[in-house]
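> from the sequence below, what's the structure:
(4 chains)
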There are 4 protein chains.
Amino acid sequence: MPSFASDNTAPMHPAVLAALSAVNSGHMPSYGADEVTGRLNETLREVFAAPQLRAFPTFNGSATNGVALAAMMKPFEAVIATRDAHIQNDECGLPEFFTGAKILIAPDHLGKLTPEGIERIVAGSKDHAPHAVRPKVISLTQSTEIGTVYSVAELQALRAVADAHDLLIHMDGARLSNAVSSLGVSPSEAVTGVDILSFGGTKAGAALAEAVVIFNPGLQRDFEYWHKRMGQLPSKMRFVSAQLLALLEGDLWLELAGHANAMARRLEAGLAGIDGVSVLYPVEANALFVTLPPKVAQGLEAAAHKFYPWSLAGDNAYRLVCSFITTAAEVDQFLADCGSQ
Amino acid sequence: MPSFASDNTAPMHPAVLAALSAVNSGHMPSYGADEVTGRLNETLREVFAAPQLRAFPTFNGSATNGVALAAMMKPFEAVIATRDAHIQNDECGLPEFFTGAKILIAPDHLGKLTPEGIERIVAGSKDHAPHAVRPKVISLTQSTEIGTVYSVAELQALRAVADAHDLLIHMDGARLSNAVSSLGVSPSEAVTGVDILSFGGTKAGAALAEAVVIFNPGLQRDFEYWHKRMGQLPSKMRFVSAQLLALLEGDLWLELAGHANAMARRLEAGLAGIDGVSVLYPVEANALFVTLPPKVAQGLEAAAHKFYPWSLAGDNAYRLVCSFITTAAEVDQFLADCGSQ
Amino acid sequence: MPSFASDNTAPMHPAVLAALSAVNSGHMPSYGADEVTGRLNETLREVFAAPQLRAFPTFNGSATNGVALAAMMKPFEAVIATRDAHIQNDECGLPEFFTGAKILIAPDHLGKLTPEGIERIVAGSKDHAPHAVRPKVISLTQSTEIGTVYSVAELQALRAVADAHDLLIHMDGARLSNAVSSLGVSPSEAVTGVDILSFGGTKAGAALAEAVVIFNPGLQRDFEYWHKRMGQLPSKMRFVSAQLLALLEGDLWLELAGHANAMARRLEAGLAGIDGVSVLYPVEANALFVTLPPKVAQGLEAAAHKFYPWSLAGDNAYRLVCSFITTAAEVDQFLADCGSQ
Amino acid sequence: MPSFASDNTAPMHPAVLAALSAVNSGHMPSYGADEVTGRLNETLREVFAAPQLRAFPTFNGSATNGVALAAMMKPFEAVIATRDAHIQNDECGLPEFFTGAKILIAPDHLGKLTPEGIERIVAGSKDHAPHAVRPKVISLTQSTEIGTVYSVAELQALRAVADAHDLLIHMDGARLSNAVSSLGVSPSEAVTGVDILSFGGTKAGAALAEAVVIFNPGLQRDFEYWHKRMGQLPSKMRFVSAQLLALLEGDLWLELAGHANAMARRLEAGLAGIDGVSVLYPVEANALFVTLPPKVAQGLEAAAHKFYPWSLAGDNAYRLVCSFITTAAEVDQFLADCGSQ
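Modelled structure (predicted):
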């Protein structure tokens, strides 16, 4: 079943499976005291050039965002996000539940938060305390939910506005690998200004592996409690850590993301020539958002192509996602079926 | 490192790893619509002789208990448990957080809830509404946190008291395999009267795999929301389901539990002859609770044996846990080192 | 200090004080078993022509909304409201905290929810379960936060859309008296289709008295627990009930609201002739929203008039609220000071 | 209806009603910026000889405890209390809900926490992080739920153990007036070592008025948000503050408590001579706990005396509470009816 439905319909990369096998012998301490998790921490410190970071392996993307935010906020505070944010639309209220806090939607530019949008939210709240919640965290998604990528300069500008208003920055990095690859910068630059990162493994080629990566030392102290209390502390943690290590080894995560991004650009190039089809946003990562005439959409579905409508972008809008197993042949077949409707 | 610290320091069984490999190809629908999860549901229906059950794979034992309880209760209600219960002592407040509810501690007999203890809690609450929370769920652990096992008759008696007071029954089955093996009854009998089961995979030989198994059809309807909102809905669910299927195949879970239980009995038999050592509870599953003279405990630790103190059982009390990889040689070495102090 | 800041800067009406005195002798059962609360229930049943209603006196408007919503929803559900809603902007996250649920903002017309707006929210959620929260409650404010009033026909249309999608209706009636008076209909008609009403006393002339009024019998059953658990169950309940009874007696609440509404219309009429001042919304209750040139606003503040900016309505927008103690002389003084800037 | 059911079946003292009348004219700023609340703060600073304290008026005893605790704790922490504590038995889970935290029950002596009991709880938790919650607050009730009173020396000893383990101290002072009067010390001494006090007004003679009194300046900073978010911020705050001021004026609160305490001692003295009746705890405040033979209890109920069974103290145990309106004649009638059964 070729599929453009999501990058989570893909399997795990063979290197990840091999890593699970490699750590599967004998006793190891549970709950993170194992040496695999130790190596994961060392590796992430090198990858992000951040000797002070601490990584806490987790199971699940939504919960990783939620537990990260919980550690950054008091229940009467607010996190600022875009209307497209995964934390707003796709997590069934988990972020509000884990934090007790409220999500405030700021105006965005191409799915990205802007300093002006954040300023507007902050200004609207601060004269209305304690009736209005207090903005505390900026949550940005890198790459975004609509397939765009924050430049380093954009991240620097958000950090400046954060500093001006005593805000923290959370990054939802479920697709960070796609952003790093797209930007052509170091991982460290791609997370400029970030206090806590939701480091994504599952969509990048793991089976089920994420991590809360805490750059800001002040936020590390009590995190073990949040980790446990939110049900995201793996007992046999070696099996999560090993997956992430396999992806980081030899920059496999960036190689796989580069491939997925290339497939998205191939789709974009092919769709450009098809009548009635328009690409809605810049294609900077591994996802495309397109408008398809109803006849075309129905024809593709009839041909067993898998993809989802994207109602936030309007009627007849759809999302197409590429992953590390998407092949050029699959893309070309999709384009052929699309053009023939 | 031989270890009696916990059954979660063990690796996964090779059959579980093989199952991960077997499902690792091509796209599969995410979030449970995959055929592996379909097969898991069918298999569990056969194993428990319960054609109406639905299983929802999860990551983590504490969270599995929490999300199961959340689906059974309103926030002003209470769950009745023993003072030793995992939900009371070992989950950092997660059950109260996930449910909003309160845990009421009932008197127990050998780590097991009794009808009389439950009656006492119910009586103390019902004349004091709405100032007292309303008892709604009995949560029992099979096998218990202190290594004992509910008989089928005991489960029937709890079901009767539940029915008399409009209570539901949750079972924490993190070590259900040990109980089934120990009782020598069918899995179905070992969960007599249960509305929702936390089905344990991780301690039974998986890497990270649990499931909420809902026998009571009325509790199934909205569960998909709880599953998602608590961060326990795996996107690539096939990789959780496959682990559980591997354990169930050919009754591997019971074979592994039988071995762990036998190792615990071997430990018990050996300790019987050692001066100053006493076994605190009947050894009915894979864990022993013992009192060790300080000199003995220190000697064992010096000899690199791993095990935890168990302060709930008093001073100088310790827990010894066997798992599927515990060997007779390891047990005998422990006994030798114990006797020689 | 004459003030147009809010209707909660006013004192209580003398009849309310007299009622407190009248019930202040001897023992009475606490927590609602007193005869004053009994009479309040009977009176509200007559006022709303609803023999099945039950009223639960409370302290505070924000909490009244929160506890009402909590009784209507599961934590993974959502309440639909306007962007101006008090529950969205003015309650510091209390509604999300009390319910666990999410507020979804629907497009509005003059501060009022519309069937089309609700349809859009429902449609956007239902294909995305369980990743999106499930809409369950429509929360509307009568009169609205921007001083408009739902007609009976508008309420009927909302009830129809609620029935079509299995939704409940909550009404924030902090200023219900102003709406009833403005509509010139019976109280019963002014709450057409409502399942639970937050009945407002404090802004209507009480010192501190609100009530959760439950029309839908199915929602009454467990309410005593919500009432207690959210800290809104008065022990000496007679003193809350007596305030509400005093307002209802002889339709005092409607008389006071009629006066406040008239003062708002007098303000509106006077402002119509002042250069550079524009009234933003229809004046249907006791509040006006105006744009004032900066020089005018500053002059009024210098003259010690009290009123708040209203940033949701844009730059230079302000809110002016009249209450039962606002006098024609105060209005005229405001207008004179406004015109002379 | 003479009643020994509770001190919350009493009315408000006439001076409290007079105070409501005295502040009932003209506009006053809402939400605490009024001058009545300013005076309340000044008065409490004098009463407690604590120039740095800040008082936040609230509506309700249970919620006052909950919001105070919320400001002291993170959700993964725990509050230590006795098995008799109001926060454990009588608040329907509100404290856990408001805080997210867990209540850990320590062994007590005559309803009072002891340093040894607290040490035991702390020791049991700290080696088990993050699986066990982290103790953070000691919550003690002055006077206690069973009518005993902490001496100044006992409070000093609890402060020492708090300091040794980085714990904060909360005092539930719903009946603080009875304790101050009983101890014969200054109010300041009666709250020795306390970080946040739930200052009780309702049971002391108000209609509905409590306050969170924060002695520890570090806990004052964000309290306005907690105050609002938990639904305990009165809009027309003058009417709560005025009640408390009336009680404090001329030490009226202590005079009323002294009377209630005297009535309790009169009851105790009279019961001493009645066969089969035993007083269970030292009578140090305004409540007695007694064992009554069933025939006596039934006779008293038949004679329309009101009082509650107290199941925590065993079978045939009852609570008798005196308040500021209890008369010697009522006590004597109760004794006569008791003796004649």
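> can you get me a residue count around A:S25?
Neighbour count for A:S25, taken as other CB atoms under 10 Å in any protein chain shown: 10. For glycine as for every other residue, the C-beta is placed from the backbone atoms N, C-alpha and C.
> quickly list the domain ranges of chain A.
Domains of chain A are assigned by automatic domain parsing as A:13-250, A:252-339.
> deepest-packed of these, please.
Most buried of the domains of chain A, by mean neighbour count (mean count of other CB atoms under 10 Å in any protein chain shown): domain A:13-250, with a mean of 22.
> how long is it end to end?
One end of domain A:13-250 to the other measures 14 Å (CA to CA, to the nearest Å).
> all helices for the stretch 1-150 of chain A, in order.
Assigned by DSSP state H, counting those that start in this stretch, the helices in the stretch 1-150 of chain A fall at A:14-22, A:35-47, A:61-70, A:86-89, A:94-99, A:115-126.
> ok, which of those comes nearest chain B?
Taking CB to the nearest CB, helix A:61-70 is the member of the helices of the stretch 1-150 of chain A nearest to chain B, at 2.6 Å.
> and the most centrally placed residue in chain A, what is it in contact with?
By CA atoms, centre = their mean, chain A has its centre lying nearest to A:A174, at 2.2 Å. Residues near A:A174 by CB atoms under 8 Å, 6 or more residues apart in numbering or on different chains: A:61, A:86, A:141, A:198, A:200, A:202-203, A:210.
> which two of those have the greatest separation?
The distance between the two most remote of the contacts of A:A174 (CB to CB) is 15.1 Å, for A:T141 and A:T202.
> what about stretch A:66-85, start to end distance?
This stretch, stretch A:66-85, spans 13 Å end to end (CA to CA).
> gap between that stretch and the chain center?
Distance of stretch A:66-85 from the chain centroid (CA atoms, centre = their mean, to the nearest Å) equals 15 Å.
> ditto for stretch A:17-32
Stretch A:17-32 sits 26 Å away from the centroid of its parent chain (CA atoms, centre = their mean).
> and what of stretch A:99-110?
16 Å.
> just stretch A:164-182 next, same as before
Remark: stretch A:164-182 is offset 8 Å from the chain centroid, using CA atoms, centre = their mean.
> would you agree A:A287 is in contact with A:V321?
Yes - if you go by CB atoms under 8 Å, A:A287 and A:V321 touch, sitting 4.8 Å apart.
> return the per-residue confidence for A:L110.
Predicted confidence (pLDDT) at A:L110: the value is 97.
> go on, A:S3?
What the model reports for A:S3 is a pLDDT of 89.
> how about the residues of the stretch 51-200 of chain A near chain C?
Within the stretch 51-200 of chain A, the positions near chain C by CB under 8 Å from any CB of the partner chain are A:75-76, A:78, A:89-93, A:96-97, A:100-102, A:123-124, A:127-128, A:130-133.
> what's near enough to touch the single nearest residue of the stretch 101-250 of chain A relative to chain B?
Across the stretch 101-250 of chain A, no residue is closer to chain B than A:G231, which sits at 2.6 Å (CB to the nearest CB). Applying CB under 8 Å, 6+ apart to A:G231 gives the contacts A:63, B:59-60, B:62-63, B:66-67, B:94, B:98, B:230-232.
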